[in-house]
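# I would like to see how this sequence folds:
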Amino acid sequence: MSREEVNELDGPPRFDFGEKVRTLKLIRNDGTFPGKDIGEVLVKKGEVGYVATIGTFLQRYYIYGVEFPERGYRVGMKASELESLDRPGGGS
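Numbering: from 1, shown residues only. This next block holds a predicted model:
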């Protein structure tokens, strides 16, 4: 099964509420983050945050609302963009 055919919602979320996570890549505004220009950096690779919300996108993917205390805001992120700092194996 290709990655495009995978439905993450067939299983439980990879991360839990309150879990400490680190970003695996630079995240830029795709136009969905209010108050920031499209393309503006929202979080850099390696920044640490905490899972505050767990939602879904396109009835196929989990989206994790990650609070970044040093930045003072929450960014919606995919599981592939995060790793757990609370669990061995990074939450995979």
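
# so which residues of this protein form strands?
All strands of the chain, identified by DSSP state E, fall at 20-23, 27-28, 41-43, 48-57, 61-68, 73-78, 82-84.

# just put the ones you listed in JSON lines and tack on distance to D10.
(Glycine included, C-beta is placed from N, CA and C.) Putting these into JSON lines (distance: least, C-beta to C-beta, whole Å) gives the following:
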{"stretch": "strand 20-23", "distance to D10": "22"}
{"stretch": "strand 27-28", "distance to D10": "25"}
{"stretch": "strand 41-43", "distance to D10": "28"}
{"stretch": "strand 48-57", "distance to D10": "12"}
{"stretch": "strand 61-68", "distance to D10": "11"}
{"stretch": "strand 73-78", "distance to D10": "16"}
{"stretch": "strand 82-84", "distance to D10": "19"}
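
# quick one, which of those is nearest to V6?
Among the strands of the chain, the nearest to V6 by C-beta to C-beta is strand 61-68 (9.0 Å).

# sheet-wise, list the partners of that closest one with their directions.
Looking at strand 61-68 with DSSP bridges, its partner strands are strand 48-57 (antiparallel), strand 73-78 (antiparallel).
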